[in-house]
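**Q** 3D, please:
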Amino acid sequence: MTYAVKEIFLTLQGEGVNAGRRAVFIRFAGCNLWSGRDQDRGAAICRFCDTDFVGTDGEGGGKFADAASLAATAARLWGEARDERFCVLTGGEPMLQVDNALLDALHAHGFVIAIESNGTLPAHPAIDWVCISPKAGSKVVQTSGDELKLVWPQPGSDVAAMERWDFANLLVQPLDTGDAAGNAATEAAAIAFVMERPRWRLTLQAHKRLGLR
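**A** This is a model prediction of the structure:
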């Protein structure tokens, strides 16, 4: 199988339970919740995507002919040490491309594998850490995992239903509006959300504040 990758890079995980952890990010091209038109990206479902997942022209991106070559690239980015190897499969929607061969190849290089998915496709059982970020209006089929990360505010979200799902961690993340005033409002809304629902915890996008990828 050929893998279409927008970008692949070494950084620190900036959000969620694993925030601060060194990680190789593999951002796959394409998303099943995107309309396909740049002027109204995600108009059908997702209205707040903050990442460019179109094409394969990002840092380290391209078409990888097989799982071995993609996993080897991730290993080279990490460096020679095998301790604590950690990679994050993201997108777009990574489960459009993630398969047995890729997971086996990454595990063979010693990686713990995390995924960041919208949950509309089942997560592969060999993935070590499953983070689902549901989008209002979509049908979530992956209702269990390690981390549920809800971007907030998100009108139409069924929070009560999410609290019945089987996730070890419930997180709420302020929507990035692209401007300071808007972000102040969404941060206040996310804080209020957690104050009303103590099962949830606040997570921030630390990588943006630190100037990391």
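
**Q** Show me what the most centrally placed residue in the chain bridges to in the sheet.
**A** For the chain, residue 116 is the residue whose C-alpha lies nearest the centre (C-alpha atoms, centre = their mean; 2.8 Å). The residues listed as beta-bridge partners of residue 116 by DSSP bridges are residue 131.

**Q** List phi and psi for residue 210.
**A** The phi/psi pair for residue 210 (degrees, to the nearest 10) reads phi -90, psi 0.

**Q** count of neighbours near it?
**A** With neighbours defined by other C-beta atoms under 10 Å, the count for residue 210 comes to 10. In short, each C-beta sits where N, CA and C put it, glycine included.

**Q** hang on, the earlier thing: name all residues that make contact with the residue nearest to the centre of the chain.
**A** 88-91, 94, 131, 133, 149 (C-beta atoms under 8 Å, 6 or more residues apart in numbering).

**Q** what's the closest of the residues you listed to residue 33?
**A** Residue 33 lies nearest to residue 91 out of the contacts of residue 116, by C-beta to C-beta, at 10.0 Å.

**Q** nearest residue to that closest one other than its sequence neighbours?
**A** residue 28 (4.6 Å; C-beta to C-beta, 6 or more residues apart in numbering).

**Q** go on, residue 62?
**A** Nearest one to residue 62, counting by C-beta to C-beta, 6+ apart, is residue 56 at 5.1 Å.

**Q** wait, the residue nearest to residue 91 sits on residue 4?
**A** Yes: with contacts counted by C-beta atoms under 8 Å, residue 28 reaches residue 4, the gap being 6.6 Å.

**Q** other SSEs contacting the lowest-mean-pLDDT helix or strand in the chain?
**A** Every helix and strand of the chain was ranked by mean pLDDT, DSSP states H and E. The lowest is helix 206-210, at a mean of 76. Contacts defined by 3 or more C-beta pairs under 8 Å, 6 or more residues apart in numbering; DSSP states H and E place helix 206-210 against strand 3-12.
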